[in-house]
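> Okay, structure incoming, though there's no sequence with it:
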């Protein structure tokens, strides 16, 4: 299979990424306990055993505790830092008093946020910094100043975005000579707008699809790594109770189970393998912190290689709940 886009930018990463949103306990200000640390250690170890060497964070995850507990894991295993890739995100701010939750791409916030990220993780440099969600008040020149400051000070090596269109990326990129190398988007067998937008060109049904036109093609052309958040669709195809789900979703879950049995693998590997089969070389960011579920994902790359075009379309058509137009 073709090399990952990130390798073009000097980053040799695993095909799968462990999303660390589930580390550190709840989304509250409660202190981190020894149990939280043990949980994080188990998740990291399961990821490494599954061949995962890239870890995804955000400054808001469990109110900063996800980064803090991950930093505690690194403190106990300092040799680990040199063998993994760490990315984190900033730009989302929680509500404060009368001020609502909001997005903030101001230079001061980006710089302060990265200082906090590095402090919590206990590291000197982030491998990749992502801007979390598009800020309507974004000033590209101001963002470029922040990126330049972070790069020149050695606080971040590479930069990317999350949930952005091609137009938004171009708007940012024209102000900065530092390339944007990642775009993280929701993509899964249960969230199909990224495919529907392409096949519903010149179709009335396409007017209800909410995905930026040409984004996949743009990212592939510009060597921007597409990462998929929530790639397991919150477990609806891999064993989560689905009695309340539509009939076509339940049928797709049954199809996933049959394929997993036939191929002597796990439902998780089938669902992720389907995503990874796409020529965009999508990099799933698995959000589970359960060691057993992490281990269940390890066969995904092999399943992507083995999956036939016919099997891929079987899953796609079943999941969309209608025949191809």
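Thanks, I have the structure now. Please read these numbers as outputs of a predicted model, since none were measured by experiment.

> residues in contact with the lowest-mean-pLDDT helix or strand in the chain?
In the chain, the helix or strand scored least confidently by mean pLDDT, DSSP states H and E is helix 5-8, which has a mean of 84. For helix 5-8, contacts defined as Cβ atoms under 8 Å, 6 or more residues apart in numbering pick out 12-13, 181-182, 220, 223-226, 281, 283. Glycine gets a C-beta too; all of them are placed from N, C-alpha and C.

> Generate a ChimeraX selection restricted to the buried subset of those.
Of the contacts of helix 5-8, the buried ones go into a single ChimeraX selection, burial set by 16 or more other Cβ atoms under 10 Å:
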select :13,181,182,224,225,226,281,283
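
> residues of the least confident helix or strand of the chain that come out buried?
Buried residues in helix 5-8, defined by neighbour count with 16+ other Cβ under 10 Å: 5-6.

> swap in stretch 200-210?
Burial within stretch 200-210, assessed by neighbour count using 16+ other Cβ under 10 Å, is assigned to 200, 206, 209.

> just curious, which of those is nearest to residue 108?
Comparing the buried residues of stretch 200-210 against residue 108 with Cβ to Cβ places residue 209 closest, at 37.1 Å.

> From what I see, that closest one and residue 193 are in contact.
Yes - contact criterion Cβ atoms under 8 Å: residue 209 and residue 193 qualify, at 5.2 Å.

> follow-up on the earlier one: quick check: which of the buried residues of stretch 200-210 has the minimum pLDDT.
Lowest pLDDT of the buried residues of stretch 200-210: residue 206, 73.

> wait, isn't that one in contact with residue 196?
Yes - with contact defined as Cβ under 8 Å, residue 206 reaches residue 196; the gap is 7.2 Å.

> per-residue confidence at residue 241?
Listed pLDDT for residue 241 reads 65.

> for residue 213, that is, sorry about that
According to the prediction, residue 213 has pLDDT 86.

> any idea how far it lies from residue 165?
8 Å (Cβ to Cβ, to the nearest Å).

> Show me the helices in the stretch 101-250 of the chain, by range?
107-121, 140-152, 166-173, 193-199, 215-221, 247-262 (DSSP state H, counting those that start in this stretch).

> still on that earlier bit, which element is encountered next along the chain beyond the least confident helix or strand of the chain?
Using DSSP states H and E, the next helix or strand after helix 5-8 towards the C-terminus is strand 17-19.

> Sort out which residues of the next helix or strand after that next one are buried, please.
Next along the chain after strand 17-19, taking DSSP H and E as the criterion, comes helix 34-49. Buried residues in helix 34-49, counting neighbours by 16+ other Cβ under 10 Å, are found at 36-37, 39-44, 46-48.

> Which elements pack onto helix 34-49?
The helices and strands touching helix 34-49, judged by 3 or more Cβ pairs under 8 Å, 6 or more residues apart in numbering; DSSP states H and E, are strand 17-19, helix 65-76, helix 291-295.

> change it to 7 Å
Where contact means 3 or more Cβ pairs under 7 Å, 6 or more residues apart in numbering; DSSP states H and E, helix 34-49 is packed against helix 65-76, helix 291-295.

> okay, the angle between that helix and helix 65-76?
Counting by axes from the mean of the first three to the mean of the last three Cα atoms, to 10 degrees, helix 34-49 lies at 70 degrees to helix 65-76.

> ok so, going back, deepest of the helices and strands packed on helix 34-49, which one?
Highest mean neighbour count among these (mean count of other Cβ atoms under 10 Å): helix 65-76, with a mean of 21.

> what does the helix or strand following that helix contact?
Per DSSP H and E, the first helix or strand lying C-terminal to helix 65-76 is strand 85-90. Residues from elsewhere that reach strand 85-90, judged by Cβ atoms under 7 Å, 6 or more residues apart in numbering: 11, 13, 53-59, 67, 110, 113-114, 117, 121, 123, 126-132, 162.

> Which strands border strand 85-90, and is each parallel or antiparallel?
Counting by DSSP bridges, the strands paired with strand 85-90 are strand 54-56 (parallel), strand 126-131 (parallel).
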